[in-house]
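1. my questions concern the predicted model and sequence given below.
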Amino acid sequence: MSSVPLGSEPTQGGMRLVNPMVYGLVGYVLWRLWRFTIRPFLNPNSPKEIPYTIPFIGHAISMLRNPHALLSSTIKYCNGSWEPAALTLFGQTVIFIFSEQDATEVLRERPDMIHTEHIKDLLHGLGCSGPGISEIDHDHQSKVSVSDGKVALTNHPSLYKVAEELMKKQVLDRHLGNGLLTRTLEVLETQIRWGGIEASTVLGTSEDGRELTVSLWRWAQVASIRTITTAWFGNAIWELSPSIIDDHMHVDHGLWKLLFRIPKPFAREVYAARTRVQRCLVGFLRLPESEKEDQSWAVKAAVEEMRSRGMSEEDMASYLLMVFWAINANTFKIVFWLVAHIVADPATLAAVTTEVASILSEDSHESLSALSIRFERNALLEALYNEAHRIALSTSSARTVRQDVTINGRIFSAGTHAVVPYRQLAMSHPLLSQDWDLFQPERFLSNPELGQSKSFLPFGGGNHKCVGRFLSRRLVLTFTALFIHRFEIRPLDGIPEMGFRPVSSGPGSPVGDMRLVISPRQEQQGST
Ligand code: HEM
């Protein structure tokens, strides 16, 4: 048998294969050395960069799988210093802010950071065209004739700025705000009547018809979304689309797919739901004014503004879809967690029942608005409400850095994004983080100022703080108080686990449901 000498043909072919692999490996090692050792050494004031394995993809897969686990390990990697840390998500550098001091700086109104890049991404995800996004995002100028045939330039602020002011005025102006609140509570009240329970909420009826088994998750959705939507858009919207609540849920659930621009074949459900809501909103735009006289002032004014700018009906519908999503995305989740935690603990249920009964017995002729203020001022209800927000926290605020800026000694480079994840921000506070996974309203009861802590921002902070925070609080507390006052409640399940989406669109949602057996309280039939 003749032996094959070393260095003959087959080995050269092997070398050809091996060479690119060796070059690749060397290149990869050099890249890591540069990126995670040399560069940080040369830029000691940049936020700490968290190493990753796959270039471009960075931490995106971990973020999609479990955002909070990724952020916890990031904080650990920084030795629990709560320093800002940079993660890479699909080629973009995102600096996560964890401390109260840094969050306050990032959230305050400042020229070097903008929040509209994220609004543009959201609008794109909700189907708005390029020209529509540009109209919504850009200030522009137009010529107007002045005296003697002369022409002057006049400034038009972007639609987003105009519409943001309309929203603020709608909820914060005394007259407009009170009107909206009254309407919200009126509709809400009809959702918590034995005779007003929506069929989709009911899972079963006892033989004698005196008890119903209901889905708490569905009830929270239906009551909140129906209430808020009716108060903002008026009743006619329900005639245009009976499925709008389910469609909203699909959009909310799959929003991250729209934001990450996942192709349609892999995200059919969310694209189909988005199309259905858009069609409904186009229908809403086409309704004669006489059929939507009960719409809110802000929606009417925003539509007039969009029409005066000559926007297409489709882009107007995408803008309204963004409003529809923003006003409806979060409140029902807090309703769910608050009621779930109260009814799961007999002692808490008994205490709340007593408190609510005492508030309601004080003056039986009080308006719902006046009652809702008294629910809000009740120390126990307030502590429970804050604790429900704390345990479900998952909202975040995002800003884009326009030009290099130094924040508390760290340089944030132009083009990077800064995100304040409110769950981790709260975890940086010793009282909020203590026994994090346990529902302990006592932490707020014994420290009433904790609810105002700058580490506890479920509604965001700074200039873009949620405009619906007061309305949402009234709605959640009024729902909870009347629900507990009007029904005998027996939970069939324990409190479900909390699930979080890859791109947080608000508080966590339950994984599963909580079934409740309810019957009307004898003494409540016919009264409040
Ligand atoms: C539990 C309920 C809610 C939570 C947790 C919540 C949370 C938030 C957060 C964190 C922000 C700030 C986003 C940022 O900094 O970019 C925000 C903004 C906003 N929220 Fe809410 N929200 C809730 C309910 C509502 C309701 C009921 C409305 C409508 C009445 C509403 C309307 C808005 C609007 C219009 C903005 C944008 C404000 C701006 O950019 O200036 N929200 N919300």
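-> Here it is on my side, so go on.
2. if you drop the residues flanking it in sequence, what lies closest to S367?
-> The shortest distance from S367 to any non-neighbouring residue, by C-beta to C-beta, 6 or more residues apart in numbering, is to T182 (7.8 Å). For glycine as for every other residue, the C-beta is placed from the backbone atoms N, C-alpha and C.
3. so where do the helices sit in the stretch 351-500 of the chain?
-> 368-377, 379-392, 422-427, 430-433, 442-445, 469-486 (DSSP state H, counting those that start in this stretch).
4. got the CA positions of the fifth one in PDB?
-> Only the C-alpha atoms of helix 442-445 are listed here, as PDB (Å, rounded to 0.1, in the frame of the first residue of the first chain):
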ATOM      1  CA  GLU A 442     -48.300  48.000  53.700                       C
ATOM      2  CA  ARG A 443     -45.100  49.400  52.200                       C
ATOM      3  CA  PHE A 444     -47.200  52.300  50.800                       C
ATOM      4  CA  LEU A 445     -49.500  52.500  53.900                       C
END
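5. check which helices and strands that helix sits against.
-> Packed against helix 442-445 by the contact rule (3 or more C-beta pairs under 8 Å, 6 or more residues apart in numbering; DSSP states H and E) you find helix 379-392.
6. swap in 10 Å and give it another go.
-> helix 379-392, helix 430-433 (3 or more C-beta pairs under 10 Å, 6 or more residues apart in numbering; DSSP states H and E).
7. circling back to that earlier point, figure out which of the helices of the stretch 351-500 of the chain is closest to V277.
-> helix 469-486 (20.9 Å; C-beta to C-beta).
8. and the stretch 401-528 of the chain, which residues reach the ligand?
-> P458, F459, G460, H464, C466, V467, G468, L471, S472, G506, P507 (C-beta under 6 Å from any ligand atom).
9. in JSON lines: the helices of the stretch 351-500 of the chain, plus distance to A302.
-> Output for those, formatted as JSON lines (distance: least, C-beta to C-beta, whole Å):
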{"stretch": "helix 368-377", "distance to A302": "25"}
{"stretch": "helix 379-392", "distance to A302": "28"}
{"stretch": "helix 422-427", "distance to A302": "27"}
{"stretch": "helix 430-433", "distance to A302": "36"}
{"stretch": "helix 442-445", "distance to A302": "36"}
{"stretch": "helix 469-486", "distance to A302": "17"}
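10. ok, the residue of the stretch 1-150 of the chain found nearest the ligand - contacts?
-> Of all residues in the stretch 1-150 of the chain, H115 sits closest to the ligand, at 5.2 Å by C-beta to the nearest ligand atom. H115 is in contact with L107, E109, Y160, S397, A398, R399, T400, G460, G462, N463, H464, counting by C-beta atoms under 10 Å, 6 or more residues apart in numbering.
11. and for the residue of the stretch 101-250 of the chain found nearest the ligand, the neighbour number?
-> Among the residues of the stretch 101-250 of the chain, M167 lies nearest to the ligand; the distance is 4.6 Å by C-beta to the nearest ligand atom. The local packing of M167 (other C-beta atoms under 10 Å) involves 20 other residues.
12. with the one 10 residues further on instead?
-> Counted with other C-beta under 10 Å, residues neighbouring G177 total 16.
13. surely it meets M167?
-> No - using C-beta atoms under 10 Å, G177 is not in contact with M167, being 11.2 Å away.
14. next one: the residue nearest to S367 from Y271, what distance?
-> 37 Å (C-beta to C-beta, to the nearest Å).
15. these two: who's more crowded?
-> The neighbour count for T182 versus Y271, taken as other C-beta under 10 Å, is higher for Y271 (20 against 15).
16. list the contacts of the closest residue in space to the more buried one that isn't next to it in sequence.
-> Using C-beta to C-beta, 6+ apart and skipping residues adjacent in sequence, the residue nearest Y271 is K264, 5.2 Å away. If you count contacts by C-beta under 10 Å, 6+ apart, K264 has them with K257, V270, Y271, A272.
17. so for K264, what pLDDT did the model give?
-> Looking at K264, its pLDDT is 96.
18. enumerate the residues of the stretch 151-300 of the chain near the ligand.
-> Taking C-beta under 6 Å from any ligand atom as the contact definition, the stretch 151-300 of the chain meets the ligand at E164, M167, V171, I228.
19. which one (most neighbours) among these?
-> Neighbour counts for these (other C-beta under 10 Å) peak at I228, which has 23 neighbours.
20. relative to R218, how far out is that residue?
-> The value you get for I228 to R218, if C-beta to C-beta is used, is 16 Å.
21. got it, and R276?
-> In this view, R276 and R218 are 19 Å apart by C-beta to C-beta.
22. give me the element I237 is part of.
-> Assigned by DSSP states H and E, I237 belongs to helix 236-240.
23. pull the residues that contact that helix.
-> Counting by C-beta under 10 Å, 6+ apart, 226, 229-230, 233, 244-245, 279-284, 286-288, 291-295, 324 sit against helix 236-240.
24. recalculate using a threshold of 6 Å.
-> Here helix 236-240 makes contact (C-beta atoms under 6 Å, 6 or more residues apart in numbering) with C280, G283, F284, L287, E291, K292.
25. what's the local residue count around L475?
-> Residues lying near L475 (other C-beta under 10 Å) number 26.
26. ok, which stretches of the stretch 51-200 of the chain are strands?
-> Listed in chain order, the strands of the stretch 51-200 of the chain (DSSP state E, counting those that start in this stretch) span 85-89, 92-96, 113-114, 140-145, 151-156.
27. give me whichever of these is most buried.
-> strand 85-89 (a mean of 22; mean count of other C-beta atoms under 10 Å).
28. and that strand, what does it pack onto?
-> In terms of contacts (3 or more C-beta pairs under 6 Å, 6 or more residues apart in numbering; DSSP states H and E), strand 85-89 is packed against strand 92-96.
29. OK, contacts around F479?
-> Neighbouring residues of F479 by C-beta under 6 Å, 6+ apart: V335.
30. state the distance from it to T190.
-> Look at F479 and T190: by C-beta to C-beta, they are 12 Å apart.
31. measure Q403 to K48 for me?
-> Between Q403 and K48 the computed distance is 22 Å (C-beta to C-beta).
32. out of these two, which sits in the busier spot?
-> Neighbour count, other C-beta under 10 Å: between Q403 and K48, K48 has more, with 18 against 11.
33. in contact with E291, which residues?
-> Contacts of E291 (C-beta under 6 Å, 6+ apart): A236.
34. give me that answer again for 10 Å
-> Contacts of E291 by C-beta under 10 Å, 6+ apart are G234, N235, A236, E239, F284.
35. and V270, how close does it get to the ligand?
-> Separation of V270 from the ligand (C-beta to the nearest ligand atom, to the nearest Å): 21 Å.
36. surely that residue meets H248?
-> No - using C-beta under 10 Å, V270 is not in contact with H248; the gap is 11.3 Å.
37. ok and the residue in the protein nearest the ligand?
-> Taking C-beta to the nearest ligand atom, the ligand has its nearest neighbour within the chain at G468, 2.1 Å off.
38. thank you, goodbye.
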